[in-house]
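# Following is a predicted model, sequence given first.
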Amino acid sequence: MPLFSDDLFLGAGATYMGTGPQSATATISATISGTTLTVAQYLSGDPLVVGQYVVGTSVTANSYITANLGNNQFTLSQTSTISSAATMYAAGNALLGDPSPMSLGVGPLGRLYVWDTIPQTLQAANIAASQTAAGAGNLTLTAGTSAKSVLRADGTTVIQLDVPRAISVAQVTAGNTVSVTVSGYDYYGQSMTSQLTSNPGGTATGTKAFYQIASVSVDGATGTAVTVGTTDKLGIPVRVIDAGYVVHAGWNNALGDDGGALTVAATATATSITGDVRGTYTPSTASNGIKRLVMTIALPALAVGPNSTRTGALGVTQA
């Protein structure tokens, strides 16, 4: 989960917004010499700073603090006489022509996440080589180019891809319409399934990005040879619920934004037929193991900071 060590310090802080005045009544003991105010005693929660607006029962004319001379000495904008009671208006007050300070700030603020990846060339049969299913059951999985067989800690053998990507199922020739169920895990180890429909002579593309595939099953005889491989629909590592959160999408060493296809995260309760819980991106041209994707993503406060949630950062629980 993309949290950072300094998030504990990103709580609400003072900010200047609105136009209502905010003042602090201070009891001070001060003397005036020319245009210099010397404070002998000051009892208030607000400090004396340059720009403060000063009024009081014994002030002959309104004054502004224009300089801090040190040693409790402040230069005023005009000669004034102050005895004991005064109200100090902070810099940024509406009386100064500026917005006033308010008690709450805008924190916590979000961050930018840089997704940097070089996907390998997609392969039509690097998960399951060409085979004809005589009936319902699992296809035989074989790790091909840009994939490898991995034994997970729970004892499950899976086909692991170079990067999280959606799966494709292709019929070599026109066969039967069958339902295909892909089961496996995402980049964070959550188990997930995706159901596709393989039509005669066509290629079906999944909506979810898998990192590891445990099984691919069909609900009946395919009637022709089928293959299972990868696509260039890449899984975004953090949840993107709106295209506006993509600050920049760089592809193949180009400065301009890539004209690829973004599919935002599915936010409803996940099922085998819903989309990817974090979203996917398909670059404008085919991957080849050389082209680099650098996507800058704006993360909202729900994804980072002390009030962030797992869902806000990584999407709803997989299914």
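Nice, I can see it.
# Tell me the pLDDT of Arg111.
Arg111 carries a pLDDT value of 89.
# Ok, Val49 next?
Looking at Val49, its pLDDT reads 69.
# Who are the contact partners of Ser188?
One correction, residue 188 is Tyr, not Ser. Leu314 (C-beta atoms under 8 Å, 6 or more residues apart in numbering). Backbone N, C-alpha and C define where each C-beta goes, glycine included.
# Start and end of stretch 205-220, how far apart?
The first residue of stretch 205-220 is 19 Å away from its last residue (C-alpha to C-alpha, to the nearest Å).
# Can you give me the buried ones in it?
The neighbour-count check on stretch 205-220 (16 or more other C-beta atoms under 10 Å) flags 206-218 as buried.
# and those as JSON lines, adding pLDDT and secondary structure?
Formatted as JSON lines, those follow (pLDDT from 0 to 100; DSSP: H, G, I helix; E, B strand; the rest coil):
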{"residue": "Gly206", "pLDDT": "97", "secondary structure": "coil"}
{"residue": "Thr207", "pLDDT": "97", "secondary structure": "coil"}
{"residue": "Lys208", "pLDDT": "98", "secondary structure": "coil"}
{"residue": "Ala209", "pLDDT": "98", "secondary structure": "coil"}
{"residue": "Phe210", "pLDDT": "98", "secondary structure": "strand"}
{"residue": "Tyr211", "pLDDT": "98", "secondary structure": "strand"}
{"residue": "Gln212", "pLDDT": "98", "secondary structure": "strand"}
{"residue": "Ile213", "pLDDT": "98", "secondary structure": "strand"}
{"residue": "Ala214", "pLDDT": "98", "secondary structure": "strand"}
{"residue": "Ser215", "pLDDT": "98", "secondary structure": "strand"}
{"residue": "Val216", "pLDDT": "98", "secondary structure": "strand"}
{"residue": "Ser217", "pLDDT": "98", "secondary structure": "strand"}
{"residue": "Val218", "pLDDT": "98", "secondary structure": "strand"}
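# Of all pairs in the residues you listed, which one is the farthest apart?
Tyr211 and Val218 (22.3 Å; C-beta to C-beta).
# and the residue lying closest to Lys208 once chain neighbours are set aside, how far is that from Val158?
Of all residues not flanking Lys208 in the chain, Ser194 sits nearest, at 4.4 Å (C-beta to C-beta, 6 or more residues apart in numbering). Counting by C-beta to C-beta, to the nearest Å, the separation of Ser194 from Val158 is 15 Å.
# try Ser33
For Ser33 relative to Val158 (C-beta to C-beta), the value is 82 Å.
# Pick out whichever of the two has more residues nearby.
The residue with more neighbours, out of Ser33 and Val158, is Val158; 22 against 9, by other C-beta atoms under 10 Å.
# quick revisit: among the buried residues of stretch 205-220, find me the one that's closest to Leu112.
Leu112 lies nearest to Ala209 out of these, by C-beta to C-beta, at 21.4 Å.
# so that closest one makes contact with Gln190?
No. If you go by C-beta atoms under 8 Å, Ala209 and Gln190 don't touch, sitting 11.6 Å apart.
# For the nearest residue to Arg152 once chain neighbours are set aside, give me the pLDDT.
Once flanking residues are discounted, Arg152 sits nearest to Val158: 6.0 Å by C-beta to C-beta, 6+ apart. At Val158, the model reports a pLDDT of 98.
# List the beta-bridge partners for Val158.
Beta-bridge partners for Val158, by DSSP bridges, are Val150.
# Okay, it and Leu299: tell me how far apart.
Counting by C-beta to C-beta - Val158 and Leu299 are separated by 29 Å.
# One more: Arg278?
In terms of C-beta to C-beta, Arg278 sits 12 Å off from Leu299.
# Residues in contact with both of the two, list them for me.
Contact criterion C-beta under 8 Å, 6+ apart; residues bridging Arg278 and Leu299 by contacting each: Val238.
# Those two - which one has more neighbours?
Ranked by neighbour count (other C-beta under 10 Å), Arg278 and Leu299 place Arg278 first, with 26 against 21.
# ok, that one - contacts?
Neighbouring residues of Arg278 by C-beta under 8 Å, 6+ apart: 209, 235-240, 265, 314-315.
# at 10 Å what do you get?
Taking C-beta atoms under 10 Å, 6 or more residues apart in numbering, we find Arg278 in contact with 164, 186-188, 208-209, 235-241, 264-266, 313-316, 318.
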